[in-house]
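Colleague: Structure here, sequence nowhere to be found:
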């Protein structure tokens, strides 16, 4: 998301697919100057001749300036477009993969699938789902060895003891950076609490794992007003490929009603 106003909250790259949790940061795109928009768009595409002349600091005619002012709002919207971001990302991946395989032709099976996350519960559940992909698939045993995931990336970054000076974050930062007056949008949780939740759920899914963590050691569940049973119920639903979760708490209400009905029928 360096060029786009798209923040990456979580990712996991698997052998034949990848998962992303993204945040469309439209306020950031709205704050970019016209000059920033032109340079960002020019980095992605060659664009019309007048854009090339503008980027080369050539003097534009009056009509060219009017045309540029007409195009800038279009480019601004496209720089915070999820579809445009995914198209550019998949294009680069396809080019690199075909080059490595020495072949040409269509690389992706079809268009990407997406679902909107309408509340903090939905965001958190999907982030954990993505970060635990390799662990659930049996590819990795621990978060630290879970290659090509945002959770491994965050753990490594935290251990490097980064300098206090603020730099543009590689991944969407967690809420504690707001206290440091960070100018980037932040995930509304503390990193430490998120790490504890991911670690707890990875162990909860594997009863045989050593050092099983107690539910009481997971502050984020209390923060969201959820118990372990509710969290597992919601997480299992997300793992179903056909599920569409827009609002985490509302989805949980539906799942709980279904579970109660099953209990009644079983009784």
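Modeller: Received, thanks. Only a predicted model underlies this, so the values are computations on that prediction, with no experimental measurement involved. Residues are numbered from 1 along each chain as shown.
Colleague: going forward, measure contacts and count neighbours with C-alpha atoms only.
Modeller: OK.
Colleague: Could you report the pLDDT at residue 179?
Modeller: pLDDT for residue 179: 46.
Colleague: Then the one 5 residues further on?
Modeller: The predicted local confidence for residue 184 comes out at a pLDDT of 67.
Colleague: ok, which stretches of this structure are strands?
Modeller: 6-13, 18-24 (DSSP state E).
Colleague: For residue 47, which of the ones you listed is the nearest?
Modeller: Residue 47 sits nearest to strand 6-13 of all the strands of the chain, at 21.1 Å, using C-alpha to C-alpha.
Colleague: which secondary structure elements does that closest one contact?
Modeller: strand 18-24, helix 120-131, helix 150-159 (3 or more C-alpha pairs under 8 Å, 6 or more residues apart in numbering; DSSP states H and E).
Colleague: out of these, which comes closest to residue 57?
Modeller: Closest to residue 57 of the helices and strands packed on strand 6-13, according to C-alpha to C-alpha: strand 18-24, at 30.9 Å.
Colleague: ok so, going back, just tell me which of the strands of the chain ends up closest to residue 123.
Modeller: That would be, of the strands of the chain and by C-alpha to C-alpha, strand 18-24, which comes in at 8.1 Å.
Colleague: what lines up beside the closest one in the sheet?
Modeller: Looking at strand 18-24 with DSSP bridges, its partner strands are strand 6-13 (antiparallel).
Colleague: Out of the helices and strands packed on strand 6-13, which one sits most buried?
Modeller: Mean neighbour count, computed with mean count of other C-alpha atoms under 10 Å, is highest for helix 120-131 among the helices and strands packed on strand 6-13, reaching a mean of 22.
Colleague: for that helix, the distance to its chain's centre please.
Modeller: Averaged C-alpha coordinates place helix 120-131 at 10 Å from its chain's average position (C-alpha atoms, centre = their mean, to the nearest Å).
Colleague: That one - contacts with which helices or strands?
Modeller: Applying 3+ C-alpha pairs under 8 Å, 6+ apart, we find helix 120-131 packed against strand 6-13, strand 18-24, helix 228-238, helix 248-266.
Colleague: if we can go back for a sec, closest to residue 222 out of the helices and strands packed on strand 6-13?
Modeller: So among these, helix 120-131 is nearest, using C-alpha to C-alpha, at 11.7 Å.
Colleague: Quick check: closest non-adjacent residue to residue 40.
Modeller: Leaving aside its sequence neighbours, residue 40 sits nearest to residue 3 (C-alpha to C-alpha, 6 or more residues apart in numbering; 5.8 Å).
Colleague: Go ahead and confirm the one you found touches residue 42.
Modeller: No: Residue 3 is not in contact with residue 42 according to C-alpha atoms under 8 Å; the separation is 10.2 Å.
Colleague: Where does pLDDT dip in the stretch 1-150 of the chain?
Modeller: Of all residues in the stretch 1-150 of the chain, those with pLDDT under 70 make up the ranges 1.
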